[in-house]
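>>> would you be able to build a 3D model of this:
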Amino acid sequence: MIAIFFILIAGGGLAAFVIGAMTMLTREQERSEVTMPAPQRDTIAASLLFHVVAAGGGGEEDALRQVRRGSGIAAPVTRGIDAGNWAESYARIATPQQRRELLEVAVQLVAARSPVPVRQYAALLDLSFGLGFQTDALARLRELYGFEYVDHARDGRPRGADREPLFARKPQATADLLRVLGLEATPTREELSAAYRRLVSQHHPDRFHGATSEAQSEASARFIEITRAYEELLRTFV
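Numbering: from 1, shown residues only. Okay, here's the model as predicted:
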C-alpha cells in the first residue's frame, strides 16, 4: 500500500510538471509569433499602407514616397494585394497596439489629402475589418483627423477639381437614419455594426469597377449615405 501511495504521488507530480511545461511552451510560442517576425510584419504593413494610399489615384511612386515619409517603414512593398487577407495576416503576427498604430497611420496618410475618393475610404474599411476592429474604430479616427470623401467616378479628375463632398452632412431624424441601414426600433451596437458591414459590402466601390460613371457615382452616393448614417447612429446609441 505504501508503494502504491508513493507511485500515485509521483505520478501526480509528473502530470503537474508536464502540464506546467506545456503551458509555458504555449505562452512562449504565442509570444514568439507576435514578436519574432519583424521584417515580415514591416513588409505586410508597408504593402497595406501602399495599397490604401495608392487607392487615392495619385500614382504609385508618389504613394510609395508618402508611405516611406509618413510611416518611417522602409520595407519593400507588394503591389496588387488583397487588403483584407493581408490585414488578417498582419493581425496574426502583430500586437493589439501595433494593429491600432497601423490603422491610425493609414488614416493620417489619407487625411493629409482630404477630401479623398470614396474608393480610398473603402480601402481603409477593408484594412480596419481585416485588422479585426469593430466598425466604429475607423469612424472615431475619421472624426479625430477630420476628412471627407468624394464621388468614386471623379477619381480621374485633377486634384482640386472636385473639392466639395458628394454627400454633405445634413441633420436627419434617427428613424430616417435607421431606415438607411434597414433597421427599426432601437438596435444594439452589434446589430448596427452587422447591418453596416452587410450594406457596405454590397455597395463597395470595387464591386463597380469597370461600370459606367453613372453606376459608379450612384453606388458611391449610396456607400456614403450608409457610412454617414452609421456614424451618426454611433453617436446616438453609445
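
>>> use CA for all of it now, contacts and neighbours both
Noted.

>>> just the helices from this protein, written as ranges.
2-35, 38-54, 60-71, 83-93, 96-111, 118-130, 136-145, 174-180, 189-202, 213-236 (DSSP state H).

>>> poorly predicted segments of this structure, please.
Applying pLDDT under 70 to the chain flags residues 1-37, 150-172, 237-238.

>>> show me the contacts for the residue nearest to residue 108 when sequence neighbours are not counted.
In this structure, residue 108 finds its nearest non-sequential neighbour in residue 145, 7.1 Å apart by C-alpha to C-alpha, 6 or more residues apart in numbering. Neighbouring residues of residue 145 by C-alpha atoms under 8 Å, 6 or more residues apart in numbering: 107, 108, 111.

>>> repeat that with 10 Å
For residue 145, the contacting residues are 104, 107, 108, 110, 111, 112, 114, by C-alpha atoms under 10 Å, 6 or more residues apart in numbering.

>>> likewise for residue 235?
Going by C-alpha under 10 Å, 6+ apart, residue 235 touches residue 136.

>>> look up how far residue 49 lies from it.
Distance from residue 235 to residue 49, counting by C-alpha to C-alpha, to the nearest Å: 28 Å.

>>> residue 148 is in contact with residue 115, correct?
Yes. Assessed by C-alpha atoms under 10 Å, residue 115 is found in contact with residue 148 at 4.5 Å.

>>> which of the contacts of residue 145 count as buried?
Neighbour-count burial (16 or more other C-alpha atoms under 10 Å) is assigned, among the contacts of residue 145, to 104, 107, 108, 110, 111, 114.

>>> let me have those residues in JSON lines, extended by distance to residue 229.
Listed next are the buried ones among the contacts of residue 145 as JSON lines, based on distance: C-alpha to C-alpha, whole Å:
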{"residue": "104", "distance to residue 229": "22"}
{"residue": "107", "distance to residue 229": "20"}
{"residue": "108", "distance to residue 229": "23"}
{"residue": "110", "distance to residue 229": "21"}
{"residue": "111", "distance to residue 229": "20"}
{"residue": "114", "distance to residue 229": "20"}
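
>>> farthest pair within those residues?
Greatest spatial distance among the buried ones among the contacts of residue 145 (C-alpha to C-alpha): 104 and 114, at 15.3 Å.

>>> how close does residue 86 sit to residue 116?
Remark: distance between residue 86 and residue 116 (C-alpha to C-alpha) = 23 Å.

>>> between those two, which is the more surrounded one?
The neighbour comparison of residue 86 against residue 116 (other C-alpha atoms under 10 Å) goes to residue 116, with 25 against 19.

>>> who are the neighbours in contact with the residue nearest to the spatial centre of the chain?
Centroid check for the chain by C-alpha atoms, centre = their mean gives residue 128 as the closest residue, at 0.9 Å. By C-alpha under 10 Å, 6+ apart, the contact set of residue 128 is 83-84, 87-88, 99-100, 102-104, 106, 122, 134-138.

>>> how about a cut-off of 7 Å?
The contact partners of residue 128, taken as C-alpha atoms under 7 Å, 6 or more residues apart in numbering, are 103, 138.
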